[in-house]
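Asks: Kindly generate the corresponding structure for this input.
(chains A and B, ligands or ions: 1)
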Amino acid sequence: MVLAEIAVLLIGPLLVGLSMGLDRKLTARLQNRRGPPLLQPFYDIAKLLSKRPQMLGDLQGLFALFCVAFQAVAFGLFAFGGDLVVAFFVSSMGAVFLVLGAYSAPSPYSHLGANRELLALLAYEPVLFMVIMAVGINGSFLISEVPPGLLERIPLALVALLPVLVILLEKSPYDVPAAHQELATGPYVEYSGPYLALLELARWYQLAFVYGIATLFIWGPRPAGDVALKLLLAFALLFAAILIDNTTARLTRRRMVLFTLTAGVGLIALNLIVLYLAGVI
Amino acid sequence: MGLMDRIGARSPWILHFDTGSCNGCDLEVWALLTPRYDVERFGGVNRANPKQADILLITGPVTKKCEDRLRNLYEQVPEPKLVMACGNCASTGAPFHNCYNVCQGVDKVIPVDVYVPGCAARPEALIDGFVKALSLWEERSKAAREARE
Ligand code: SF4
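Replies: Next up is the predicted model:
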């Protein structure tokens, strides 16, 4: 039983790691390049783990550990049918530890990255929270009790998840915190070696959680068909994000917050109002 | 764990530093990241951050002003690391031989592992040097592991 649970905790980030490799490959193909091998993200992590650790202070490492622990717990809560709202708050806590880690280093780049990460939190968390509210509006927030047929009832919530994913994947037009062009990866800039690997793992767990929420929307007939449909949906979202990434330039941070707080939250609200008027909720 | 040696050499993150080159070699280094030459095939990405770099691509003859900065950057890169001197300037300082304001090559300041000749170094030669650096990486991590065992 414990073994099965550990397996589930490993499979989530493994799949996300694969999707990151696919992402880099597809992005390369869209730019007419060959691109790295599919397993590149795993090579990166393995290499980072083999580098000599180098810290600016004990706190930095501690915050990285907390970050990955909280994200893993959030994903665990999700995977074992726990409460969506609790999982959401635990995951936010993990994101806050990333910001604290960035603030703990005496570096202007890191601080600027942390500020922007907070802004990104402000942009995507309300949308994510609204999605979760919409999922649970008819009864329970327990994942094991989520009713089928979410896609027919709240399709706009699924659409609103896309900008959230774009921000979390650090893709344009909303790659504001990492900002490779001027901040050189923002909150991650002072991290190196094994600690950077930890943060990357934390990101995978967080993404696994968000992809997981998306997969709640779709149900297949048999277990096999169910899993296939869920994977297909996650891939469709990823592909949409890649297309957006490759066809847009970065917007300002204000535009990011404005867009998600109006269009993102608005879409879900519209969906819920329609449902209410139709007497479904 | 021979596998780990090989995997380590598959994810070389790049730091490019210009120590006062004429920009000829810099352009060729940047060309490596373009669709035509695409070093991301080997897993190489430009991190622009010494703390996350594995391979330093250094161009230019190292001016006296740059000397301390180069040393500083080198020391910030966590072990294991490799240095590639890109172009004649970086390798020997040749085009600026006997100039009063240069150190005559990267290896006068920090240890260099791979020299890529050319003025400017061609992207093909740079890729060659890059692949050479990767096999060096593999050899070294194997040697280090055997020393530990
Ligand atoms: S080797 Fe030639 S092209 Fe390269 S930096 Fe020196 S002078 Fe310029």
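Asks: can we go C-alpha only for contacts and neighbour counts from here?
Replies: Will do.
Asks: pLDDT score for A:Met1?
Replies: Note on A:Met1: pLDDT of 67.
Asks: What of A:Gly94?
Replies: The model's pLDDT for A:Gly94 equals 91.
Asks: Now do the contacts for it.
Replies: A:Phe66, A:Cys67, A:Val68, A:Ala69, A:Phe70, A:Gln71, A:Ala202 (Cα atoms under 8 Å, 6 or more residues apart in numbering or on different chains).
Asks: Phi and psi next, for it.
Replies: The phi and psi values for A:Gly94, taken as degrees, to the nearest 10, are phi -60, psi -40.
Asks: what's the burial count for residue 77?
Replies: Using chain A. Neighbour count of A:Leu77, defined by other Cα atoms under 10 Å in any protein chain shown: 22.
Asks: think we crossed wires, I meant chain B
Replies: 24.
Asks: I'd say it and B:Lys51 touch.
Replies: Yes - between B:Val77 and B:Lys51 there is a contact under Cα atoms under 8 Å: 5.0 Å.
Asks: What is the burial count for residue 69?
Replies: Went with chain A since none was named. There are 19 residues near A:Ala69, going by other Cα under 10 Å.
Asks: should've been chain B
Replies: B:Arg69: 14 neighbours (other Cα under 10 Å).
Asks: Give me the pLDDT for A:Glu182.
Replies: Listed pLDDT for A:Glu182 reads 66.
Asks: buried subset of the contacts of A:Gly94?
Replies: Among the contacts of A:Gly94, those buried by neighbour count (16 or more other Cα atoms under 10 Å in any protein chain shown) are A:Phe66, A:Cys67, A:Val68, A:Ala69, A:Phe70, A:Gln71, A:Ala202.
Asks: from the residues you listed, which single one is nearest chain B?
Replies: A:Ala202 (17.5 Å; Cα to the nearest Cα).
Asks: I'd like to know which elements the helix ranked longest in chain B is packed against.
Replies: In chain B, assigned by DSSP state H, the helix with the most residues is helix B:123-148. If contacts are counted by 3 or more Cα pairs under 8 Å, 6 or more residues apart in numbering or on different chains; DSSP states H and E, helix B:123-148 sits against helix B:2-8, helix B:24-31, strand B:82-86, strand B:114-116.
Asks: how about these in JSON lines, adding distance to the ligand, mean neighbour count and mean pLDDT?
Replies: Shown next, in JSON lines, are the helices and strands packed on helix B:123-148 (distance: least, Cα to the nearest ligand atom, whole Å; neighbours: other Cα atoms under 10 Å in any protein chain shown; pLDDT from 0 to 100):
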{"stretch": "helix B:2-8", "distance to the ligand": "29", "mean neighbour count": "17", "mean pLDDT": "73"}
{"stretch": "helix B:24-31", "distance to the ligand": "4", "mean neighbour count": "19", "mean pLDDT": "90"}
{"stretch": "strand B:82-86", "distance to the ligand": "7", "mean neighbour count": "26", "mean pLDDT": "92"}
{"stretch": "strand B:114-116", "distance to the ligand": "10", "mean neighbour count": "21", "mean pLDDT": "92"}
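Asks: roughly how far apart are A:Leu128 and A:Thr260?
Replies: 10 Å (Cα to Cα, to the nearest Å).
Asks: Between those two, which contacts overlap?
Replies: Contact with both A:Leu128 and A:Thr260 is made by residues A:Val164, according to Cα under 8 Å, 6+ apart.
Asks: what residue ranges in chain B score low on pLDDT?
Replies: Along chain B, segments meeting pLDDT under 70 span B:1-2.
Asks: Let's see that with 90 instead.
Replies: Applying pLDDT under 90 to chain B flags residues B:1-12, B:20-24, B:29-54, B:60, B:76, B:78-81, B:89-108, B:118-121, B:135, B:137-149.
Asks: now do the stretch 151-281 of chain A
Replies: Ranges of the stretch 151-281 of chain A meeting pLDDT under 90: A:151-194, A:212-234, A:237, A:241-265, A:267-269, A:271-281.
Asks: swap the cut-off to 70 and go again
Replies: A:176-183.
Asks: Got the phi and psi for whichever residue of it sits closest to chain B?
Replies: Scanning the stretch 151-281 of chain A for the residue nearest chain B gives A:Ser192, at 5.2 Å (criterion: Cα to the nearest Cα). Main-chain dihedrals, A:Ser192, degrees, to the nearest 10: phi -150, psi 170.
Asks: B:Thr59 now?
Replies: phi -120, psi 160.
Asks: How many neighbouring residues does it have?
Replies: Taking other Cα under 10 Å as the criterion, the count of residues near B:Thr59 is 30.
Asks: Tell me what it is bridged to.
Replies: B:Asp18, B:Cys86 (DSSP bridges).
Asks: and the gap between it and A:Leu150?
Replies: 57 Å.
Asks: what does A:Asn138 give?
Replies: A:Asn138 is 11 Å from A:Leu150, by Cα to Cα.
Asks: Looking at those two, which one has more neighbours?
Replies: A:Leu150 (18 against 12).
Asks: ok, and the closest non-adjacent residue to that one?
Replies: Distance criterion Cα to Cα, 6 or more residues apart in numbering or on different chains; nearest residue to A:Leu150, sequence neighbours excluded, is A:Phe217 at 4.9 Å.
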